Structures are given as structure tokens and as C-alpha cells.
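*Asks:* Fold the stuff below for me.
(one chain, ligands or ions: 1)
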Amino acid sequence: MRTIAVYPGSFDPPTFGHLDIIDRSSRVFSRVIVSVALNIRKNVMFTPAERVALLGKLTRSYSNVEIDSFRGLLVNYARDKGAHVVVRGLRAISDFEYEFQMAHMNKKLAAEVDTVFMMTGERYSYISSNIVKEIAAFGGKIDDLVPALVRDQVLRKIRKGK
Ligand code: ADP
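*Replies:* So this is what the prediction gives:
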């Protein structure tokens, strides 16, 4: 069976943690749609178009991964795409409560869509987009957290903001 999965998120910016989930999902599902959530959020560093472009460059080598963006309810988007799986990453217990609530709510809204959780790779468990932005803003090295392409863009944004 061809299983289409949607991997939604803010990806502001994409990190090695996100890329690990994308890599592993691409081996499990026939098609993975990585989708940038356009719902309004404060404190974003990158525009949706910039995040889509970054993800596109970072996943170029995967033939079954595509990048998109969506607005509104995730389950409606998943249905439109013919996806029966939503992939989410889990880092720590702190992620669990919110994810638990979302997965149940999404199941209630669309019984045919299942949420599949991937446990973070050990090396990536402490990485989040917010940590990346904070460390970079205070002049710390982010080379172990994001690919060089993302690092350069984050540093450019910080320089522009000063
Ligand atoms: P959101 O605002 O939807 O949580 P994020 O971009 O922060 O967007 O995260 C998207 C998804 O990727 C979430 O399921 C999140 O738990 C997961 N994720 C983020 N960082 C990591 C990581 N280091 N390891 C595994 N999963 C991660």
C-alpha cells in the first residue's frame, strides 16, 4: 500500500532534528509531504516562503519528499493530500502533553488520519528551532544544530536585525 504522510511544523528554521525525522519518515512511507504551517505566529525569523525554500534545498536528494505549506486545519489539509498519516517528532516528556492533545483532537476530527510519532534521534533530543535562534542571537555556535545553509541564513537575519 502506498502510504502518504504529512510532516507539519513551523520549521523556523529547519534543524538537524527535523531532518532526522524527514530522513527516517522517507524510509517508512512512500511519500512524505513536509508542510510549513502558515497559521499566524509571533516571533518568527523566516517567512513561510523562506522556510519552504530552505526545506526544499535540504531535502533535494530525497525523491519521495516534497515541500509544501498549509493554512487552517491540519486534518483538512491531510485529507486534501490523500494522506492517512501525520508524522510528529517527540523529544521529551514536555512535548508529550501537547502532542497527545493534538493527536486525539485530530483523530476526533478525522478518524481516518493517524498520528505517528517518531522518537528523536539521541543526538538531536536537545535541539529546537527556538534554542537555535536564542544561541545564535547571543553569539553562540550553532554548527552542531543546523546545516551550514541554515546557519548562514540565521546569522544573516541576526545581523540584519541589529
Ligand atoms: P511546531 O510548531 O509544529 O511544533 P516545529 O518546527 O517546532 O513546529 O516542530 C515540528 C515537528 O518536529 C514537531 O513534531 C516537533 O516535535 C518535531 N521536532 C522538532 N525538533 C525535533 C528534534 N530535535 N527531534 C525530533 N523531533 C523534533
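
*Asks:* ok, the residue nearest the centre of the chain - contacts?
*Replies:* In the chain, the residue lying closest to the centroid (Cα atoms, centre = their mean) is Gly9, at 4.0 Å. Gly9 sits next to 18, 34-37 when contact means Cβ atoms under 8 Å, 6 or more residues apart in numbering. Bear in mind the C-beta positions are built from the backbone N, C-alpha and C, glycine included.

*Asks:* near the ligand, from these?
*Replies:* Residues of the contacts of Gly9 in contact with the ligand (Cβ under 6 Å from any ligand atom): His18.

*Asks:* Which two among the contacts of Gly9 are spaced furthest apart?
*Replies:* His18 and Ala37 (12.9 Å; Cβ to Cβ).

*Asks:* Give the bridge partners for the residue nearest to the centre of the chain, please.
*Replies:* Gly9 has these beta-bridge partners by DSSP bridges: Val36.

*Asks:* now it: how far from the ligand?
*Replies:* Per Cβ to the nearest ligand atom, to the nearest Å, Gly9 is found 3 Å from the ligand.

*Asks:* what do you get for Gly72?
*Replies:* Taking Cβ to the nearest ligand atom, one finds Gly72 at 14 Å from the ligand.

*Asks:* list the buried ones in the lengthiest helix in the chain?
*Replies:* Looking across the chain with DSSP state H, the single longest helix is helix 93-109. The neighbour-count check on helix 93-109 (16 or more other Cβ atoms under 10 Å) flags 99, 103, 106 as buried.

*Asks:* elements contacting it?
*Replies:* helix 74-81, strand 85-90, strand 114-119 (3 or more Cβ pairs under 8 Å, 6 or more residues apart in numbering; DSSP states H and E).

*Asks:* Residues of this protein that sit close to the ligand?
*Replies:* Counting by Cβ under 6 Å from any ligand atom, the residues of the chain near the ligand are 9-11, 15, 17-18, 21, 88-89, 91, 95, 120, 124, 127-129.

*Asks:* Mind giving me the ChimeraX select for those residues, buried ones only?
*Replies:* Under the burial definition 16+ other Cβ under 10 Å, those of the residues of the chain next to the ligand that qualify are selected in ChimeraX by:
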select :9,10,11,15,17,18,21,88,89,91,120,124,127,128,129
